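**Student:** sequence unavailable; structure follows:
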């Protein structure tokens, strides 16, 4: 199992939990992780609350290869992620000199005051390194196995593009999809047998409902292509045997 | 604080974490809870894994008024939510007689075999009560403060519509939105002061980025209308004082 690399995500923000903002980062991270062979094992969405962030990050960083956070690194009073991550690691949080100099120069050039709020965006836990932000300059950061990124989707995606090439990736989990025109009730027993006979695969059954009737998307996942093909063939053979009246 | 009612959500399903399926239930639950005055405090997305489900449900049910789960109550081998919830409560899981009779009659009338897979949909922890499913019959269930519902959005929404009127609701958290044409850096310091001067409100600052420039949505939340209005007025006064060059 040494080739399995796992990740977890902590989405930080009252606005997601109130329903005001619909998260668009979870699906993106999930797709990226799958693409590079990292298993996303858990996601938590928490409030802008230091204790909640600390609990989530500490629970997840101890049992996953990587933890990614989004949200709470801007310049306002509710942006408390940097301080919370420092607390989680038991280190100090302060203005990071290189980020401070970078933003100071940026605002100075534009004749804009470098306010306390803007300085806030340069706070990082001691020992953190930058994650470059090609869109709005203020960097995210990495400490230990935790990667702290922005919540604005365009910035999160740009930061993640900088992080992914630096990650250790696992053996990619391959997948194959089989369309099943029947509801899950029709195939459930047979599928249980197929899963038992193909233990090195993960067979997922995703019920779909449209216009009053059910169909099912069957997804086989495996790390070895031959195991994937064998399970897929077994499912196709099973489906060929079913008559709709069944 | 006795008028504060909180909820948590556990989204169960490998397909969400692999990125194959984009969750559409979190945003819906968040909006519904906000509408009826329940604070959604945390969401976790976990794999189809019994230990992961048990851990999440037990952590969340002990510290929230309600826990809602979606996913994993269908007829296939990867539908393990009923058994996991029973394990979390330390009770037996078995075919629930009323659900069993209902589904047996349903399939019998249509001349369809009541297979083990279909019977699986009637499994519930001992002591659970039904959540009616007006779309595809197989019920969800309620045990203690945990409500177990389907992952298919149309069914989840229909089940939730049956659950919400039975819940104790809190004093509704009112909200008011103020459009801020400036980025967070411009207003951060002033906003910190306003938040400090209006402790019975929650002021959220949500950065928006479009076409190369930033603007901000400011959202004030409070349970008392007069507190909400006072903080909103303070923000509007603050914005009126800002000149774009600042």
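**Tutor:** Structure received. From a predicted model like this one, the values you see are computed outputs, not experimental measurements. Residues are numbered from 1 along each chain as shown, chains lettered A, B, ... in the order given.
**Student:** tell me where chain A has strands.
**Tutor:** Ranges of strands in chain A, per DSSP state E, are A:5-12, A:38-46, A:66-70, A:93-95, A:123-125, A:129-133, A:137-143, A:146-149, A:174-180, A:202-210, A:213-222.
**Student:** ranking those strands by mean pLDDT, which is last?
**Tutor:** Of all the strands of chain A, mean pLDDT reaches its minimum on strand A:202-210 (a mean of 84).
**Student:** give me the number of residues near residue A:62?
**Tutor:** Using other CB atoms under 10 Å in any protein chain shown, residue A:62 is surrounded by 9 other residues. For every residue, glycine as well, the C-beta is placed using N, CA and C.
**Student:** the one 4 residues further on too?
**Tutor:** Under the neighbour criterion other CB under 10 Å, residue A:66 is assigned a count of 22.
**Student:** any idea how far chain B is from the spatially most central residue of chain A?
**Tutor:** Chain A has residue A:29 as the residue nearest its centroid, 3.9 Å off, counting by CA atoms, centre = their mean. Distance of residue A:29 to chain B, computed by CB to the nearest CB, to the nearest Å: 8 Å.
**Student:** so the nearest residue to that residue once chain neighbours are set aside bridges to which residues?
**Tutor:** In this structure, residue A:29 finds its nearest non-sequential neighbour in residue A:9, 5.6 Å apart by CB to CB, 6 or more residues apart in numbering or on different chains. Beta-bridge partners recorded for residue A:9 (DSSP bridges): residue A:43, residue A:68.
**Student:** show the contacting residues for residue A:9.
**Tutor:** Residue A:9 sits next to A:25, A:26, A:29, A:40, A:42, A:43, A:44, A:67, A:68, A:69, A:70 when contact means CB atoms under 8 Å, 6 or more residues apart in numbering or on different chains.
**Student:** domains of chain A?
**Tutor:** Chain A breaks down by automatic domain parsing into domains covering A:5-166, A:174-241.
**Student:** out of those, flag the one nearest residue B:85.
**Tutor:** If you check each of the domains of chain A against residue B:85 by CB to CB, domain A:5-166 wins as the nearest, at 17.9 Å.
**Student:** so how far is the closest one off the chain centroid?
**Tutor:** Remark: domain A:5-166 is offset 12 Å from the chain centroid, using CA atoms, centre = their mean, to the nearest Å.
**Student:** can you get me the start-to-end distance on it?
**Tutor:** 13 Å (CA to CA, to the nearest Å).
**Student:** over to stretch A:59-77?
**Tutor:** Across stretch A:59-77, the terminal residues are separated by 25 Å (CA to CA).
**Student:** quick one on the thing from earlier: and the residue nearest to the centre of chain A, what pLDDT?
**Tutor:** At residue A:29, the model reports a pLDDT of 97.
**Student:** related to what we said a few turns ago, looking at the domains of chain A, which is nearest to residue B:242?
**Tutor:** Closest to residue B:242 of the domains of chain A is domain A:5-166 (CB to CB; 11.7 Å).
**Student:** sorry, back to before: roughly how far apart are the residue nearest to residue A:29 and residue A:116?
**Tutor:** Applying CB to CB, to the nearest Å, the value for residue A:9 to residue A:116 is 30 Å.
**Student:** which of the contacts of residue A:9 sits closest to residue B:87?
**Tutor:** Residue B:87 lies nearest to residue A:42 out of those, by CB to CB, at 18.2 Å.
**Student:** excluding its backbone neighbours, what's nearest the closest one?
**Tutor:** Nearest in space to residue A:42, with sequence neighbours left out and distances taken as CB to CB, 6+ apart, is residue A:8 at 4.7 Å.
**Student:** just checking, what packs against the biggest helix by length in chain A?
**Tutor:** Counting residues, the longest helix in chain A under DSSP state H turns out to be helix A:225-241. When contacts are defined as 3 or more CB pairs under 8 Å, 6 or more residues apart in numbering or on different chains; DSSP states H and E, helix A:225-241 sits against strand A:174-180, helix A:184-197, strand A:213-222.
**Student:** just list whatever residues bridge to residue A:131.
**Tutor:** Beta-bridge partners, per DSSP bridges, of residue A:131: residue A:140.
**Student:** what about it, how many neighbours?
**Tutor:** Neighbours around residue A:131, by other CB under 10 Å: 20.
**Student:** wait, residue A:8 sits on residue A:33?
**Tutor:** No - in this structure, residue A:8 is not within contact of residue A:33 by CB atoms under 8 Å, at 10.1 Å.
**Student:** follow-up on the earlier one: quick check: which of the strands of chain A is nearest to residue B:187?
**Tutor:** Nearest to residue B:187, of all the strands of chain A, is strand A:137-143, at 15.5 Å by CB to CB.
**Student:** relative to strand A:129-133, how tilted is the closest one?
**Tutor:** Calculated by axes from the mean of the first three to the mean of the last three CA atoms, to 10 degrees, strand A:137-143 forms an angle of 140 degrees with strand A:129-133.
**Student:** just the buried residues of strand A:137-143, please?
**Tutor:** For strand A:137-143, the neighbour count (16 or more other CB atoms under 10 Å in any protein chain shown) marks A:138, A:139, A:140, A:141, A:142, A:143 as buried.
**Student:** of those residues, which is the nearest to chain B?
**Tutor:** Taking CB to the nearest CB as the measure, residue A:138 is the one of the buried residues of strand A:137-143 closest to chain B, at 8.8 Å.
**Student:** the closest one: what's it in contact with?
**Tutor:** Residue A:138 neighbours (CB under 8 Å, 6+ apart): A:73, A:74, A:75, A:99, A:103, A:121, A:122.
**Student:** ok, now how distant is it from residue A:68?
**Tutor:** Using CB to CB, residue A:138 is found at 18 Å from residue A:68.
**Student:** compute the first-to-last residue distance for stretch A:74-87.
**Tutor:** In stretch A:74-87, first residue to last residue: 18 Å (CA to CA).
**Student:** average pLDDT for it?
**Tutor:** Across stretch A:74-87, the average pLDDT comes to 95.
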